[in-house]
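1. structure, please.
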Amino acid sequence: MSDSNAKSMTIIVTKGTLDWAYPPFILGTTAAAMGVDVTLFFTFYGLGLLKKDLNLQMSPLGNAAMEMPMAGMHMKMPNIVGMIPGVTAGASAMMKGMMAKKGVATIEELREMAVESEIRMIACQMTIDLFEYDKKDMIDGIELGGAATYMTEALESDVNLYI
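-> Next up is the predicted model:
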């Protein structure tokens, strides 16, 4: 933490789908803009959000609350539909199109804002080893660390979130 009077926040980032990528980056960059010291700890599937090349997809399977605006109304997508080949790609393209139309920043843009905001981004070393990733495949400016690295920050933090 850079200032003993500053507020701080940690977020554990565990999911890497398009819809789950937004909360940690939006909350993190918003908090940083408010003067909060932010640490994001990327582990398991969330670690993929630090890869240089992103191709994020929606996951309609297991997302029973997912409603998409279609034909002037909101249609729910039954879980069974998510198993049909092409549905994930279609839902992803539809969501990306809606976001672009509404002017929502992309994950790449939000991630760059996080770097520019000096948000501390820690990649879980255990997960890197487990999934056989290489740090050279990740964006510049990240740190490697483990649970103890996260806990050191979390124990002194004002806000701790799990996403």
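2. quickly find the element holding the residue most central in space within the chain.
-> Most central in the chain under Cα atoms, centre = their mean is residue 21, positioned 2.9 Å from the mean C-alpha point. In this structure, residue 21 sits in helix 18-33 according to DSSP states H and E.
3. buried set for that helix?
-> 18-22, 24-25, 27-29, 31-32 (16 or more other Cβ atoms under 10 Å). Quick note: C-beta positions are derived from backbone N, CA and C, even for glycine.
4. for it, the averaged confidence score.
-> Here helix 18-33 scores 96 as its mean pLDDT.
5. low pLDDT regions in this structure?
-> 1-5, 60-66, 68-71, 74-84, 87 (pLDDT under 70).
6. just to revisit the earlier point, the buried residues of helix 18-33 into TSV, with extra columns for distance to residue 125?
-> Formatted as TSV, the buried residues of helix 18-33 follow (distance: Cβ to Cβ, whole Å):
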residue	distance to residue 125
18	26
19	27
20	22
21	21
22	25
24	19
25	22
27	24
28	21
29	25
31	25
32	24
